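A.B. asks: give me the fold of what follows.
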Amino acid sequence: MTDYCHLHVNMLPNLPTTSSLSQCIWFDNEILICGGKNNNNCYSYHLLKQEYKLICAYPKETKLNSHIVVSCAPKNSAKDSITLLSFGGSVSLKIKHHTLIMNYKSVWKDDTAPAELHKNQWIPLPDHNVFGEQEMHEFNGARVCVGGKNMHLLFISRCPNKIDVIDMETFRYLHDVKNNTLPIPQDIQTLQHCFVGVAPNRFLLICEDTNVMITFHEKDNEFVYEFLPGCLLLRRCWGYAFAYLNNQIYFFGGYDYKKKKRMRFIHIYDVGLGKFFQVNQQMPFPISRSAAVPLVGSRPCSIHVFGGANDENKDLNTHFLFTQVVYFFSSFF
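C.D. replies: This next block holds a predicted model:
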């Protein structure tokens, strides 16, 4: 098979600690790494300095085996700050629900600048609202996208087959949302799947070999679904890292739950062509539960992949940079 895409991989400085199921946000020259399984610390990785700094830690009572972090508001006028929202909780894993917010200010400011009162820390919402707590929502393996015509809506796809909408201006669920049950086969659950926004109110959900284009009609509060060709190689696979970049979705590794082993494959889904491609290259070793961060607008295209778990189910501190160096159409399935 000829390469559809060739990726050059570099090893970058390891994470300060082992971590899987981390949540990462790209912000200016930083990638913010917010906790992970059995790890409550948050770090900033500086893309130019190639160094890490500790930001803060989650409250001790917050368990992060099933959490999600998203930028919940437009970037502030100050270039060195951004607002982050973290939530999670799992009924099946008996993990208490949490919803926290942080006004992050860059830890890389000039050390000679006068000390300021600002402190990077996770705090509850002003009204102490906790997403999914009363409803007992299952956030283990859930995924989110920000959308809406004003980019003010948070879309959550979660087990077993639901999609919810939260207004990020009020931090409240939208009620009377029509058709919010995902049309996926009964033997498939939306667990550690792929969910990306391709337009303000259009999303792609890829769960095993099921591929669904989702459209949200904001005026009517209604979801509409369209099935697209899936990828058989992703059947019985979850826990891959994924990144949406330049109208393509990159998949790194994953876990085959039938064979009970982790994978090294790298796949690409071209949204415009509606086709899956396999890259001849593979991950350096079998891996799942990593976090992938695309650098949008970067030339050449580049994606950072942090942490994960190996075939012995041990958490990793690895940090890979994948750069696209060859790209042409040749083989597909």
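
A.B. asks: okay, CA-based contacts and neighbour counts for the rest of this
C.D. replies: Will do.

A.B. asks: which ones are touching the nearest residue to residue 109 once chain neighbours are set aside?
C.D. replies: Leaving out its chain neighbours, the residue that sits closest to residue 109 by C-alpha to C-alpha, 6 or more residues apart in numbering is residue 80, at 7.9 Å. Contact analysis of residue 80 by C-alpha atoms under 8 Å, 6 or more residues apart in numbering lists 105-106, 109.

A.B. asks: do you know how far residue 80 is from residue 38?
C.D. replies: Going from residue 80 to residue 38 by C-alpha to C-alpha, to the nearest Å gives 29 Å.

A.B. asks: again with residue 145
C.D. replies: Distance from residue 145 to residue 38, by C-alpha to C-alpha: 25 Å.

A.B. asks: please say which of those two ends up with more neighbours.
C.D. replies: Neighbours per residue (other C-alpha atoms under 10 Å) separate residue 145 from residue 38, with residue 145 holding more: 22 against 14.

A.B. asks: how near is that one to residue 44?
C.D. replies: Taking C-alpha to C-alpha, one finds residue 145 at 22 Å from residue 44.

A.B. asks: how near is residue 91 to residue 139?
C.D. replies: Between residue 91 and residue 139 the computed distance is 8 Å (C-alpha to C-alpha).

A.B. asks: same deal with residue 40?
C.D. replies: From residue 40 across to residue 139, the span is 17 Å (C-alpha to C-alpha).

A.B. asks: what does residue 223 give?
C.D. replies: 20 Å.

A.B. asks: neighbour count winner among these two?
C.D. replies: Higher neighbour count among residue 223 and residue 139: residue 139, with 29 against 19, using other C-alpha under 10 Å.

A.B. asks: my guess is that one contacts residue 66, does it?
C.D. replies: Yes - in this structure, residue 139 is within contact of residue 66 by C-alpha atoms under 8 Å, at 5.9 Å.

A.B. asks: okay, and the common contacts of those two?
C.D. replies: In contact with both residue 139 and residue 66: 88-90, using C-alpha under 8 Å, 6+ apart.

A.B. asks: whichever of the residues you listed end up buried, select them in ChimeraX.
C.D. replies: The following ChimeraX line selects those of those that are buried, judged by 16 or more other C-alpha atoms under 10 Å:
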select :88,89,90
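
A.B. asks: so which of the shared contacts of residue 139 and residue 66 comes closest to residue 215?
C.D. replies: Relative to residue 215, the closest of those is residue 88; by C-alpha to C-alpha it sits at 24.8 Å.

A.B. asks: skip the chain neighbours and tell me the closest residue to the closest one.
C.D. replies: Residue 88 sits nearest to residue 67 (C-alpha to C-alpha, 6+ apart), 4.1 Å away.

A.B. asks: return the per-residue confidence for residue 75.
C.D. replies: For residue 75, the model assigns a pLDDT of 50.

A.B. asks: what segments of the stretch 1-150 of the chain are helices?
C.D. replies: Read by DSSP state H, counting those that start in this stretch, the stretch 1-150 of the chain holds no helices at all.

A.B. asks: right, I'll leave it there.
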